[in-house]
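Asker: give me a 3D structure for the following:
(chains A and B)
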Amino acid sequence: MHDLQPMTALGGDAPQVDTFDHVTITENDGLALASVAARMGHEKTCHTTLKKLLGAVPEPGKAVLHDPEAGFWMGPDQWMIGAPRETHELLADHLKERFGDTASITEQTGAWVCFDVIGPAMPDICERLCAVPIRRMTAGDAQRTMIHQLGCFVIRRDNPEHIRILGPRASAGSLHHALITAAHSVA
Amino acid sequence: MTQVNRLPGGQIDRSQSCKFTFDGKAYTGHAGDTLASALLANGVRLMGRSFKYHRPRGVLTAGSEEPNALVELRGGARQEPNTRATTVELYDGLLAKSQNRMGSLRFDLLAINDRFSNFLTAGFYYKTFMWPAAFWEKLYEPIIRKAAGLGSLSLKDDPDVYDKGFLHCDLLIIGAGPAGLMAALTAGRAGADVILADEDFVLGGRLNSETLTIGDQSGADWAAEVVAELTTLPNVRIMPRTTVIGAFDHGIYGAVERVSDHLYAPDAGKPRQVLWRIYTQKTILAAGATERPIAFENNDRPGIMLGSAIRSYANRFAVSADKRVAIFTNNDDGHRTAADLHAKGVKISAVVDVRPDVPRSLDYEVLHGEVVNTKGRLGLTFAEVRLADGSMRTLECGALGMSGGWNPNVHMTCHQRGRPIWNDAIAAFVPGAELPPGMVVAGAANGDLSTAGALQGGATAAKRALGLKGRLPKLPETGDASINLKPFWYVEGCSRAWLDQQNDVTVKDVKLSHQEGFRSVEHLKRYTTLGMATDQGKTSNMGGLAIMAELAGKTIPEVGTTIFRPPYTPTAIGVLGGRHRGQEFHPKRLTPSHKWAEEQGAVFVEVGNWLRAQWFPQAGETTWRESVDREVLATRKSVGVCDVTTLGKVDVQGTDAADFLNKIYCNGFAKLAVGKTRYGLMLREDGIAMDDGTAARLAEDHFVVTTTTANALPVYRHMEFVRQCLFPDMDVQLISTTEAWAQYAVAGPNSRKLLSQIVDQDISNDAFPFMACANITICGGLRARLFRISFSGELAYEIAVPTAYGDALIRKIMEAGAQYDVTPYGTEALGVMRIEKGHAAGNELNGTTTALNLGMGRMVSKTKDSIGSKLSEREGLNGEGQLYQVGIKPIDPKDPVPAGGHLMNADGPVDAAHDQGYATSACYSPNLGHAIAIGFLKNGADRMGEQMRLVSPLTGVDVKVEITSAHFIDPEGERLRA
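Answerer: Coordinates of the predicted model:
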């Protein structure tokens, strides 16, 4: 075992939690992420493996909220797979073993910051952040959008008051600032 | 003075008093008042001075179309100029000042301009300030700007914040008058997602200003009841205080919600305003109509208003414009105003009607004639009337209502180049056939000026927009009547009759414009400035068009309208900017070592959105050069470390990955062995160098491509374009991993010794030679990547770990390197070392240079086809006289060799025709003890040792220099292979 301690995207030893009366914004530091892109000519096999892994192949604009691995559509024949980091630190390696030469797998854990926004004010906050039709989205909807000029993914979770936002990790501070500002705005 | 003009009734909340000041004087109004209604209630008619002539002006309207009653609202940093008193919701503590005056509002010294009105006609700037030309900017313009204008800025930072937001709906309804409310009710009950937006703080539109009934209740009560029902519908979002400002492409509308303008100050964290972007399938425009004034001599005195405004003030705000009111009308609306006021006990001096068949009244006098002039220095006192039989009458009155008919608010129908069409029945433009996609127009905005028509139109529009089946709901009865209008625009023989009261444009100005040849309506607008004020001519344009039509012998529709453009009402720049200001203007990108670098006191530089450590000052260092020199010398002497995470990284996978790289790089990659890295140069299609970097082959079907920091995005975009559009049959998958890996350059003769303590593998020169790469582990098991590449020219590595471990790794490197005095270095030292080594960067890859210019002509493979390779062979890019990258050093070591300087022959003229080349990058080399530069020189490869001049006539530089190899340090590359 190595002795290097990871740092959260916001620069802390532990994930940051911001609690308001109407919403809680939690830095989710527990996700392992890897992208899966089907190799040409192997799409069907890739889909089959994906289905075995998640229970279904995420359609465009959709996520499959499977446990422990979940996934959402990122582009034509391209998906992001997520799983608890605690149990799936080497998610990319595991996926490579499962998909073999049918897909290109790329580790993405370090590329993203993840925030869980949970509370009754979530839709109001979301409306101040990005152009996704948050009130029309249902569990499993996943949209690519811009938040504070940052390319992000917004995923509607099972809890109707919960969205998960994935944004570029290097800009975690700016994204967090935008979330907190929006939370104050709609308080 | 205590609300001398306050009437009984109205919709104000008399239980809530609001104290406010205007020009320092204290007044009291009520919740539900606007600033204008509260001032009128207190007997204040004089509210401003006009733009050019500084004529005394009062309120003209009761809505957002107001041209006159513009005030500076609030104080200190929150001062906001040009605010319409007619839309300012009164609150306790409100502070307002009149604007555009020298002295007090009553005794404005610049009112002298009015005496010189004969000289200040349309186009007087262009005619008068012709010469000398130099005087315009320095003399004329400052004087004119001081003498004419609007409110003043506080010149302090706005302490308030503004938000942006995004909404989606099936149906956007613009305007909550009878048509809008009926549409919302129909659509809301049908279950559609509806947004109902209205600029007013009370919904109902004209229903709140009229005494008509709907069913068995007043219009205002009906509106309140409908709003109450809509509030219970979860699918309807009601947005009062929200002005839809524009209809944009793809069903997108802009709307400004005034969240806190009606408060003394916004609540903590709350925005003052929100700019909403509304995405809608369908839109119903129910924006109502604006009443037209009539032009006659001196029709701008305080107290002269639109008839509908007088009615609004009386019925909604319980305010009489004055004790005595006269009416000048060309339709029945004027009589409605008189009747409403009379019922409230206001003395009607007379109703003057231009129509021969004037309706009679038992309650007040009705005259057939025209108002031809008015009197009163700071406010109306008398109106002079010429009766139909030619006799004259003088009416004593403090207020005069003008009713010239109604203009449907078609603005939003024209925001995508649609043009309105003329409707003879109401003598006004109505929406044309070409509307923004998905828009339906209803009510007065559609030319239907009756309440019954508005209700019917609203319901029908909702059905049509949503494709609802079945019959319309039963609509309530309304007490309605036609207005029987006779078109009448201005009184014959008048000259100083005001059309555009905000920009001081008169009937005479329009005639002058026509006389001087400005006959297109667009030319008229610009020459006279008619309709160019902040109100966009909502009360003035039609009058101007009518006069133009008469002068040109055309009909009004033949003259046409000017183009309607967003925003519908003045919009603060602050709300357009939203949260993107100051430090939040754009997001920041922080490197994995940022926290650690901050602890070291690093000085940061913005590189795009990245913040990179520029240098790390140490105690005793007084200039940046001292820090940078130390970092360079320490790195070359022992070992240094630099965060290079910002370099773009693109993961390239697939069975055709190598062939793909062969296409995007001009040099070969197909045969690159697994475990090896190669420098690559990308060309544009035209053969010019695009970017450079390395590609590391981690597996047969897996490469990691690096790009320069600046070009990370453009190169990734280019690669995607090539993959998707040029070679769609290749099995290649791309994804950016720039932020996924924290990457550090560890450079210097002791770099291997340092890293050997961290990595778990053998990295001896034999096991891990120059340009090797590998997936490795470090510190007992953490996955990492190691590349033996060098930008500094030293023995060097780049080591990468998942970003979360970046902070830990830099600390580990510093700890392990302590025995070697490991030195962190920033972008400045990085730059110095790459110039010393002669490596090209952004200054050299400047969009004009080729591989040949960069000294890499031979890299362009002739044995394969790659992007740009063919066009790089163009005759003009090759052969005699081409630029080659060279090194430049001063003959006198004390001289600078600044970048941007041009190389000239040692003897000969210094001019563009004899230009030999230029310096692109320069620095002080602490290793050499003098300044150095790299640059491009004609036939440079053959001119080593030549003495030249480096000149910059603009900055006074003229230095004797010697041309050298661009590789100032270790030209044989022995260090990096050690």
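
Asker: nearest residue to B:M730 in space, ignoring adjacent ones along the chain?
Answerer: B:D656 (4.0 Å; C-beta to C-beta, 6 or more residues apart in numbering or on different chains). (Each C-beta comes from the backbone N, C-alpha and C, glycine too.)

Asker: neighbours around the one you found, how many?
Answerer: B:D656 is flanked by 21 other residues according to other C-beta atoms under 10 Å in any protein chain shown.

Asker: so what's it up against?
Answerer: Taking C-beta atoms under 8 Å, 6 or more residues apart in numbering or on different chains, we find B:D656 in contact with B:F727, B:M730, B:D731, B:V732.

Asker: specify which member of the residues you listed is nearest to B:Q79.
Answerer: B:Q79 lies nearest to B:V732 out of the contacts of B:D656, by C-beta to C-beta, at 59.0 Å.

Asker: look up phi and psi at that closest one.
Answerer: Main-chain torsions, B:V732, degrees, to the nearest 10: phi -140, psi 140.

Asker: quick one: which of the contacts of B:D656 is the most crowded by neighbours?
Answerer: Highest count within the contacts of B:D656 by other C-beta under 10 Å belongs to B:V732, 28 neighbours.

Asker: verify the stated contact: that one with B:A657.
Answerer: Yes - contact criterion C-beta atoms under 8 Å: B:V732 and B:A657 qualify, at 5.7 Å.

Asker: identify the contacts common to the two.
Answerer: Common neighbours of B:V732 and B:A657, using C-beta under 8 Å, 6+ apart, do not exist here.

Asker: quick one: the spatially closest residue to B:N541 that is not a sequence neighbour and B:P81, what's the gap?
Answerer: Spatial nearest neighbour of B:N541, chain neighbours left out: B:G531 (4.6 Å); criterion: C-beta to C-beta, 6+ apart. Using C-beta to C-beta, to the nearest Å, B:G531 is found at 20 Å from B:P81.

Asker: what do you get for B:H30?
Answerer: Distance from B:H30 to B:P81, by C-beta to C-beta: 26 Å.

Asker: in terms of neighbours, single out the busier of the two.
Answerer: Comparing B:H30 with B:P81 by other C-beta under 10 Å, the one with more neighbours is B:H30, at 22 against 18.

Asker: I figured that one hits B:C18, correct?
Answerer: Yes - with contacts counted by C-beta under 8 Å, B:H30 reaches B:C18, the gap being 6.3 Å.

Asker: tell me, what's touching the two both at once?
Answerer: By the contact definition C-beta under 8 Å, 6+ apart, B:H30 and B:C18 are jointly contacted by B:A38, B:L90.

Asker: residues contacting the residue of the stretch 201-350 of chain B found nearest chain A?
Answerer: Closest residue of the stretch 201-350 of chain B to chain A, C-beta to the nearest C-beta: B:G269 (3.2 Å). Residues near B:G269 by C-beta under 8 Å, 6+ apart: A:T181, A:H184, A:S185, A:A187, B:V161.

Asker: those in helices, which ones?
Answerer: Counting by DSSP state H, these place A:T181, A:H184, A:S185 in helices.

Asker: centre-most residue in chain A?
Answerer: Closest to where the C-alpha atoms of chain A average out (C-alpha atoms, centre = their mean) is A:L166, at 4.5 Å.

Asker: what's the burial count for the residue lying closest to that one once chain neighbours are set aside?
Answerer: Nearest residue to A:L166, sequence neighbours excluded (C-beta to C-beta, 6+ apart): A:F153, at 4.3 Å. Counted with other C-beta under 10 Å, residues neighbouring A:F153 total 21.

Asker: one more: B:L845?
Answerer: Neighbourhood size, B:L845 [other C-beta under 10 Å]: 22.

Asker: any idea how far it is from B:G693?
Answerer: B:L845 is 11 Å from B:G693, where distance means C-beta to C-beta.

Asker: quick check: B:T955 vs B:G900, distance?
Answerer: Counting by C-beta to C-beta - B:T955 and B:G900 are separated by 8 Å.

Asker: could you do B:S17 as well?
Answerer: 68 Å.

Asker: same question for B:L362.
Answerer: Distance of B:L362 to B:G900, computed by C-beta to C-beta: 88 Å.

Asker: mind listing what's buried in the host helix or strand of B:W276?
Answerer: Taking DSSP states H and E as the criterion, B:W276 maps to strand B:273-285. Across strand B:273-285, burial judged by 16 or more other C-beta atoms under 10 Å in any protein chain shown covers B:Q273, B:V274, B:L275, B:W276, B:I278, B:T280, B:Q281, B:K282, B:T283, B:I284, B:L285.

Asker: strands paired with that strand, and their directions?
Answerer: Paired neighbours of strand B:273-285 in the sheet (DSSP bridges): strand B:162-174 (parallel), strand B:252-258 (antiparallel), strand B:439-441 (parallel).

Asker: quick one: secondary structure of the residue nearest to A:L166?
Answerer: On the three-state scheme (DSSP: H, G, I helix; E, B strand; the rest coil), A:F153 is labelled strand.
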